[in-house]
Structures are given as structure tokens and as C-alpha cells.
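J.: predicted model and sequence follow; I will ask about them next.
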Amino acid sequence: DAKTTQPNSMESNEEEPVHLPCNHSTISGTDYIHWYRQLPSQGPEYVIHGLTSNVNNRMASLAIAEDRKSSTLILHRATLRDAAVYYCILRSSTGNQFYFGTGTSLTVIP
Amino acid sequence: DAMVIQNPRYQVTQFGKPVTLSCSQTLNHNVMYWYQQKSSQAPKLLFHYYDKDFNNEADTPDNFQSRRPNTSFCFLDIRSPGLGDAAMYLCATSRDSGRANTEAFFGQGTRLTVV
């Protein structure tokens, strides 16, 4: 399973944009980049995923480096409800597994 | 309209007494997963089913077993729970598309306490 590296923790002020980085230097050509978040005492929830191009949805944006060795999850305006652990996951097309790395714990400051 | 339902949310079991955790889904997804999450750690994949095919992770202890009697239900059996098995157990589902571009849906988890 390909590995991802994320900062252990980050802080953001409320209503400010947040950029959560992820390094995945061993990514293979068919691996998709997935992001999930886990709020306290809840199961993880899907945020966004992409392969090569940048992606936007109602929750966030995903910026993928041209060489695909890193990506950034962008929350455009952080709210207190965005305080969670954010996981960057590489999902291989040769298996169905989702392997979680250590994640980034995001604190949002009012 | 919960899509992945885990019962119970909280389970207390005695040391060494077999326990079963349940998961059901309304999504008709062909892949179902079980994860173990200990305090302040990331979820750790124990095993998954692709339809009826069971796929165990190499480092999952034999103490953990699973059953999937039909598409909708999946069970996690812990044959002889130890104190180290106290954790949140998460069930998830996904639809296999032949690529890796489908997301996983997680239940709320069952928090297991071993006394």
C-alpha cells in the first residue's frame, strides 16, 4: 500500500481558507487520491477524490501537483464544524482497500 | 436515512467472552470493510469482502473473524476478546468500479469495551 505523509496538526482561524498538504511520492499511475475526514466520535466521511486534474465539490477543492507526488485539500472558509482529523489516502486500482495514514488534526479557532 | 448502520453503538464484553458486532447497509455495495480504531490512532483495516470473497489483511490476528451472509449484512466476530481489543470498530462499504474512483461510506462505529 502506497504511503502518504501529512502534518500531525494544523490550526486555522474561522472563516479563513485552509490548505492541508499531503505528500505521496510513491504514487503509481493509476492510484486515486482520496480525502476523508473524521469528526470526534464519528466514522470517517468522504470529502473528495481525484486522479490528475484539480477537483471541486461542495465541501472542498483538491489541488494535485503536476507530478502527482503531492496534493492539497483546500477548505475555502473554515468553520468550527470543520474541526476534524483529515486523512489523505491513496487508493490503488488493483485492490479495493482504503489504507489510512496518520492524518492531520485540524483545529479551527473562533 | 443512515446508509451504513452499526449495532450496537456501544458494546461491553467480558475478557475472553466471544462478541459479535453487526453492520448492515442499504447501498447495495459489493465491498464491505471492517476497521479497528484505537484511541488517537488512524483506522486500521482488518479485512474486507468483495462480494462473498473474504480478504484478510496479513497482520490481522486470528482472533478476529468475519461473516457476510448476504450483500446487506456483515459481522465481526472476536473469539476471545482481550483488553487490547478495546477500540472503535468501523464498518464501511464501497462499490467496485474496476478503478479506484469510488468512495467509501462509513458507519458510526461500535465502541467496544472489554472488562
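T.: Structure's in. What do you need?
J.: OK, contacts around the closest residue to chain A within chain B?
T.: Using C-beta to the nearest C-beta, the single residue of chain B nearest to chain A is residue B:106, 3.4 Å away. Glycine gets a C-beta too; all of them are placed from N, C-alpha and C. Residue B:106 is in contact with A:43-45, B:4, B:90-92, counting by C-beta atoms under 8 Å, 6 or more residues apart in numbering or on different chains.
J.: any idea how far residue B:22 is from it?
T.: 15 Å (C-beta to C-beta, to the nearest Å).
J.: please enumerate the strands of the chain.
T.: This is for chain A. A:9-13, A:18-23, A:32-38, A:45-50, A:55-56, A:61-64, A:70-75, A:84-91, A:104-109 (DSSP state E).
J.: sorry, I should have been clearer: chain B.
T.: Going by DSSP E, chain B shows strands at B:4-7, B:10-13, B:19-25, B:31-37, B:44-50, B:53-56, B:64-67, B:73-78, B:87-94, B:104-106, B:110-114.
J.: which one of those lies nearest to residue A:55?
T.: strand B:104-106 (16.9 Å; C-beta to C-beta).
J.: so what strands line up beside the closest one?
T.: Within its sheet, strand B:104-106 is paired with strand B:87-94 (antiparallel), according to DSSP bridges.
J.: point out where chain B drops to low pLDDT.
T.: Scanning chain B for pLDDT under 70 picks out B:1-2.
J.: for chain A, what are the nearby residues on it?
T.: Residues of chain B lying near chain A by C-beta under 8 Å from any C-beta of the partner chain: B:4, B:31, B:33, B:35, B:42-45, B:48, B:50, B:55, B:90, B:92, B:94, B:96, B:98-101, B:103-109.
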